[in-house]
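1. Here is my input, please return the structure:
(one chain, ligands or ions: 2)
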Amino acid sequence: MTIELPRVAMLGVGSMSGAVLQGLLASGVASDTVVLTTRSESSAAAHRVSGLDASATETDADANRAAVRGAGLVVLGVKPFGIVDLLDEVAADLAPGAVVVSVAVGVTTATMEAHVPAGVRVVRALPNTPIGVGLGVTGISAGASADADATALAGQLFAVSGEVIEVPESQLDALSAVSGSGPAYVFLLVEQWQQAAEALGFTHEQARTMVQGTVRGAVELLARSGSEPADLRRAVTSPKGTTERAVAVLQDADLAGTLEHAARAAIARAEELSRL
Ligand SMILES: NC(=O)C1=CN([C@@H]2O[C@H](COP(=O)(O)OP(=O)(O)OC[C@H]3O[C@@H](n4cnc5c(N)ncnc54)[C@H](O)[C@@H]3O)[C@@H](O)[C@H]2O)C=CC1
Ligand SMILES: O=C(O)[C@@H]1CCC=N1
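-> Ligands and ions are numbered 1, 2, ... in the order given. Next comes the predicted model:
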């Protein structure tokens, strides 16, 4: 999928926006479509080495304002507590009708709309870092200021590198608690599973091959078969066999309850962040 975008300004390119940028470039978006800012000169310099127009607020206090001038799409990739200050900094330089997309958890479109001029259209998106390898899952919600064109334009940024789900904004932080934070849950599972394999006497390399190979294979099997995970689990679990004993131990740990508890903790934190 190749897309035509207006000039895109990405303000604050760290882990999350960096992955969105990687996905955009991999999908064929021309690097001269994008102008980006970071706080530190060393990260801006690293982006310039890759041929991108990057400047740092550390060395150029006007970097964010200059980046948004003439940009049709402005992506805010700073931490939630930095969003309002960043909007106040650039508001006067935003192009009329520009679409501002924040990837921050917790900060509502209503809060953002109070800090941009009338006519600027605000959208929120909650991507996840696998977008950098073309396999992202992104939730998107339009603010009251955003028309369908604005939401579609913002959605393209993420749809070139994965799935996009449009949800009411009231559900966006819950979506983030599932898919935004989700890669961390998967990496934690892999980490701990590898530790368990090492405790059984395997080397780190062997544990890595067994666990990561199994995760990759199982996820691919799930995707290609179109089956429900419970059916594929049953296919591995021979009646009165070994897996049955292992799965019983895992079921006793109430994985669903634990995952729901974890997601609710993330949602509660998003609510705290929205009040900062
Ligand atoms: N990391 C993730 O998996 C996800 C993160 N998010 C959201 O993405 C946002 C950023 O998170 P991360 O990428 O993890 O953080 P990060 O710390 O890696 O990236 C933020 C970047 O913004 C830069 N920055 C800070 N203030 C700036 C300013 N005034 N002007 C220009 N650059 C500035 C920082 O130097 C840093 O490089 C957060 O709001 C978070 O809620 C959303 C979904 C997933
Ligand atoms: O941990 C965080 O706050 C961000 C939002 C979702 C994933 N990372």
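2. so what's the residue in the chain that ligand 1 sits nearest to up against?
-> Taking CB to the nearest ligand atom as the measure, the chain has Gly14 as its residue closest to ligand 1, at 1.8 Å. C-beta here means a position set from N, CA and C on the backbone, and glycine is covered the same way. If a contact means CB atoms under 8 Å, 6 or more residues apart in numbering, then Gly14 has 38, 77-78 as its contacts.
3. Recalculate using a threshold of 10 Å.
-> By CB atoms under 10 Å, 6 or more residues apart in numbering, the contact list for Gly14 reads 38-39, 43, 77-79.
4. Serialize the residues you listed to a markdown table and add fields for pLDDT.
-> Shown next, in a markdown table, are the contacts of Gly14 (pLDDT from 0 to 100):
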| residue | pLDDT |
| --- | --- |
| Thr38 | 97 |
| Arg39 | 97 |
| Ser43 | 96 |
| Gly77 | 98 |
| Val78 | 98 |
| Lys79 | 96 |
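5. Filter these down to just the ones in helices.
-> Ser43 (DSSP state H).
6. among the contacts of Gly14, which are in reach of ligand 1?
-> Among the contacts of Gly14, the ones lying close to ligand 1 by the criterion of CB under 6 Å from any ligand atom are 38-39, 77-79.
7. Provide the backbone phi and psi angles at the residue with the largest distance to the centre of the chain.
-> The C-alpha centroid of the chain is most remote from Lys240, which lies 41.8 Å away (CA atoms, centre = their mean). Backbone torsions for Lys240, taken as degrees, to the nearest 10, come to phi 60, psi 20.
8. Next one: it from Pro229, what distance?
-> When CB to CB, to the nearest Å is the yardstick, Lys240 and Pro229 sit 22 Å from each other.
9. Go through the helix ranked longest in the chain and flag the buried ones.
-> Among the segments of the chain that qualify as a helix by DSSP H, the longest is helix 204-225. Buried positions in helix 204-225, judged by neighbour count with 16 or more other CB atoms under 10 Å: 207, 211.
10. Tell me which other helices or strands the helix or strand just after it touches.
-> Per DSSP states H and E, helix 204-225 leads on to helix 229-236 as the next helix or strand towards the C-terminus. Taking 3 or more CB pairs under 10 Å, 6 or more residues apart in numbering; DSSP states H and E as the contact definition, the neighbouring helices and strands of helix 229-236 are helix 204-225, helix 242-252.
11. Perfect, that will be all.
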